[in-house]
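> next comes the sequence, and after it the predicted model I'd like to discuss.
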Amino acid sequence: MKFSRATNVFLFVSLSTFAAVSWAQSTSISLRDAALNETKAKGIATASATDAQTGMMVLKDPKPEIVSRPWQYIAGFTGQQFQSKGTVTTDSAGTFDLSQNDQTFMPGLMLGVMSSELNLKNILISGGLRFNGSLATQSVSAVMPSGVVVDDARLNTSLLSGGVVLSVRHAKLAWLAVTVAPQYGTVNYTQSSNNDFAKFSKQASYNALNYGLDFRLTKKWSVFTEWSQRELRDQTEIALQKDNFELGTKVSW
């Protein structure tokens, strides 16, 4: 009886010990697997973040580059009253007097680039390059040598010019600038008509010296007026207004 009870106790202790060891081993394996899985997950997340940072396109704010540019672009619209001048002689139709035509409004476009202002004892100076283009079209009556009047004629006048420009302003009057712009350009008179005898096209080059006042309304927007002195370079029968006023507005960026 005692032997049987001892045997039972021995078997109970053995089974309990075996169960405890098995549970400890399984728990150790589970903890180890969990640790390995967590390490792998962290490694994958780190690699993904590294790859994302490596492959990601970094966007930079362009504003500092624009602000630090040593120049700025300008663009504007202009308008002037234009009077054609001179004469045009053709072999088939004789002489056309351009000054007999009425004045017409001539719109234009201005593009250019200006340097940053240089401060010399409160005198702000900047310089650059500027290009102007203007075009006017008007209906005219062409009188032929025979006395026949061609009333479907149209005179197209274009002015193209370019050159340097200088702007000077005082720091205490920063809203007002004086500009000087010597330019070289070409003028073209082209008359079209259903009557071939009333057609012609003449071109000449000219020098111009423009004096202007620029009124700054905001930091990037201004209106201006210019007085132009133009003189043809070539001896030709067509002519060009020598004195002319022009109004315009422009923006800079």
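Great, that's in hand.

> can I get the CA coordinates of stretch 95-104 in CSV?
Extracted in CSV, the C-alpha atoms of stretch 95-104 (Å, rounded to 0.1, in the frame of the first residue of the first chain):
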residue,chain,number,x,y,z
THR,A,95,3.5,108.8,-105.8
PHE,A,96,1.5,108.3,-102.6
ASP,A,97,1.6,111.0,-100.0
LEU,A,98,1.5,109.2,-96.6
SER,A,99,1.1,112.5,-94.6
GLN,A,100,-2.4,112.9,-96.2
ASN,A,101,-3.6,110.0,-94.1
ASP,A,102,-5.3,110.6,-90.8
GLN,A,103,-3.6,109.9,-87.4
THR,A,104,-4.3,106.5,-86.0
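
> residues in contact with that stretch?
Applying C-beta atoms under 8 Å, 6 or more residues apart in numbering, the set of residues contacting stretch 95-104 from outside is 81-90, 136-138, 140, 142, 155, 157, 189, 191, 200, 238-239. Just so you know, the C-beta spots here come from the backbone N, C-alpha and C atoms, and that holds for glycine as well.

> buried subset of those residues?
Among these, the ones that count as buried by 16 or more other C-beta atoms under 10 Å are 82-88, 136, 138, 140, 142, 155, 157, 189, 191, 200, 238-239.

> just to revisit the earlier point, strands - which of the contacts of stretch 95-104 land there?
In strands, defined here by DSSP state E, the members of the contacts of stretch 95-104 are 81-82, 85-90, 136-138, 140, 142, 155, 157, 189, 191, 200, 238-239.

> okay, helices next: where are they in this structure?
Using DSSP state H, the helices of the chain run over residues 2-55, 63-67.

> now do the first one, average pLDDT.
For helix 2-55, the mean pLDDT works out to 53.

> show me the strands in the stretch 51-200 of the chain, by range?
Along the stretch 51-200 of the chain, counting by DSSP state E, counting those that start in this stretch, strands occupy 71-82, 85-90, 94-97, 104-115, 118-120, 123-143, 149-170, 176-192, 200-216.

> figure out which of those is closest to Lys250.
strand 71-82 (2.8 Å; C-beta to C-beta).

> now do the buried residues in the closest one.
Quick answer for strand 71-82 (16+ other C-beta under 10 Å): 72, 74, 76, 78, 80, 82.

> which one among these gets closest to Tyr184?
Checking the buried residues of strand 71-82 against Tyr184 with C-beta to C-beta, the nearest one is Thr78 at 17.6 Å.

> from Thr249, how far off is the closest one?
Distance, Thr78 to Thr249, using C-beta to C-beta, to the nearest Å: 8 Å.

> OK, contacts around the residue positioned nearest the centre of the chain?
In the chain, the centroid-proximal residue (C-alpha atoms, centre = their mean) is Tyr73; its distance is 6.6 Å. Neighbouring residues of Tyr73 by C-beta under 8 Å, 6+ apart: 111-114, 252-253.

> dump the buried residues of strand 71-82 to JSON lines, plus pLDDT and distance to Leu209.
Converted to JSON lines, the buried residues of strand 71-82 look like this (pLDDT from 0 to 100; distance: C-beta to C-beta, whole Å):
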{"residue": "Gln72", "pLDDT": "94", "distance to Leu209": "24"}
{"residue": "Ile74", "pLDDT": "97", "distance to Leu209": "20"}
{"residue": "Gly76", "pLDDT": "98", "distance to Leu209": "19"}
{"residue": "Thr78", "pLDDT": "97", "distance to Leu209": "17"}
{"residue": "Gln80", "pLDDT": "96", "distance to Leu209": "16"}
{"residue": "Phe82", "pLDDT": "96", "distance to Leu209": "18"}
